[in-house]
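Engineer: Predicted model and sequence below, questions to follow.
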Amino acid sequence: MVPPMAGSPFSLEGKTAVVTGGGLGIGRSIALELARAGADVAICSRKLEHLEPVVKEIRDLGRRSFAMAVDVRHEDQVQAIVERAVRELGRLDVMVNNAGASFRAKFEDISLNGWNAVVGINLNGVFLGCKWAGRAMLAQGHGVIVNVASIAGIYGAPMMAHYGAAKSAVITLTRELGVAWGRRGIRVNCVAPGPIETEGYLDVLGKTDPDAERTYKAVAARVAMGRWGRVEEIAWPCVFLASDAASFMTGATIVVDGGPAPREGDR
């Protein structure tokens, strides 16, 4: 029988976490919400200048934090932040594999280099994050991994087939690890966001779509709630999955997409 938990099961007080892609958008929001829930949070991304203001915000919340420049496609760099987190924060309780990137292109126009770049960040980066965080967590006998995928990995994504393929693999990897580590004290779950207003996505849309405003409105029209999501609306489910409130969940993917638009006859 599992003993009852003391205090709020949603609290992360005394926990430590690493968030990849933690300088902007969803990753920044996840890092801050983890800190607000009580965790000390280390963050990384390819550009250190994006990270330093977030470290200050986390420290202003009374939590410990540090930042590292990490390209999640490079195993030695992913290993380094995990080992530093264990060394400086004492252990690693939560790993959030959030780093991601893409570009819009017709499938027939995607080069092999472009394909490899997107798969490298969105899939290989998650693989490496799970591998090295998993090793640390298996050694200590407990831990939680939260992978950030996308509804593109469930339904596909026009003009972003490489991204959808990588995110689909992340969802499957999450399920596989949930089974593999379920009896070893490690929970592995996933969040699949729908359209979320982030600097990165809106920048890609603006640069590659000649009618970006019309596309933006069309995307919102395909959502039951009639709008794009906010970054914190992805961060909050990540905090839930990281907490003891999700203690009987592993291998699962939570879809956070505002729901499908109502059909004509349902209105």
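Structural biologist: Received, thanks.

Engineer: could you point out which element follows the helix or strand of the chain with the lowest mean pLDDT?
Structural biologist: When the helices and strands of the chain are compared on mean pLDDT, DSSP states H and E, helix 199-208 comes out lowest with a mean of 73. Beyond helix 199-208 on the C-terminal side, the first helix or strand identified by DSSP states H and E is helix 212-221.

Engineer: That following helix: which residues count as buried?
Structural biologist: residue 216 (16 or more other C-beta atoms under 10 Å). The way it works is simple: take the backbone N, C-alpha and C, and place the C-beta from them, glycine included.

Engineer: Show me what the helix ranked longest in the chain is packed up against.
Structural biologist: With secondary structure taken from DSSP state H, the chain has its longest helix at helix 161-181. Secondary structure elements in contact with helix 161-181, counted by 3 or more C-beta pairs under 8 Å, 6 or more residues apart in numbering; DSSP states H and E, are helix 112-119, helix 125-140, strand 143-148, helix 152-155, strand 186-193, strand 253-256.

Engineer: Among these, which comes closest to residue 48?
Structural biologist: helix 125-140 (17.4 Å; C-beta to C-beta).

Engineer: ok, back up a step: which of the helices and strands packed on helix 161-181 sits closest to residue 94?
Structural biologist: strand 143-148 (5.0 Å).

Engineer: which other helices and strands contact that closest one?
Structural biologist: Packed against strand 143-148 by the contact rule (3+ C-beta pairs under 8 Å, 6+ apart) you find strand 94-97, helix 125-140, helix 161-181, strand 186-193, helix 232-242.

Engineer: Next, report how far it is displaced from the centre of its chain.
Structural biologist: Its chain's C-alpha centre and that of strand 143-148 lie 8 Å apart, by C-alpha atoms, centre = their mean, to the nearest Å.

Engineer: got the contact list for the spatially closest residue to residue 95 that is not a sequence neighbour?
Structural biologist: The shortest distance from residue 95 to any non-neighbouring residue, by C-beta to C-beta, 6 or more residues apart in numbering, is to residue 133 (3.5 Å). Residue 133 is in contact with 18, 82, 92, 95, 143, 145, counting by C-beta atoms under 8 Å, 6 or more residues apart in numbering.

Engineer: just residue 146 next, same as before
Structural biologist: Residues in contact with residue 146 (C-beta under 8 Å, 6+ apart) are 94-97, 189-191, 238, 241-242.

Engineer: Quick check: beta-bridge partners of it?
Structural biologist: residue 96, residue 189 (DSSP bridges).

Engineer: ok, now how distant is it from residue 203?
Structural biologist: Residue 146 sits 25 Å away from residue 203, going by C-beta to C-beta, to the nearest Å.

Engineer: ok, now residue 236?
Structural biologist: Applying C-beta to C-beta to residue 236 and residue 203 gives a distance of 24 Å.

Engineer: Compare those two (neighbour count), which wins?
Structural biologist: More crowded of residue 236 and residue 203, by other C-beta atoms under 10 Å: residue 236, with 18 against 10.

Engineer: Touching, the more buried one and residue 33? I think so.
Structural biologist: Yes. Using C-beta atoms under 8 Å, residue 236 is in contact with residue 33, at 6.4 Å.

Engineer: and residue 81, what does it touch?
Structural biologist: The contact partners of residue 81, by C-beta under 8 Å, 6+ apart, come to 18, 42, 44, 68, 70.
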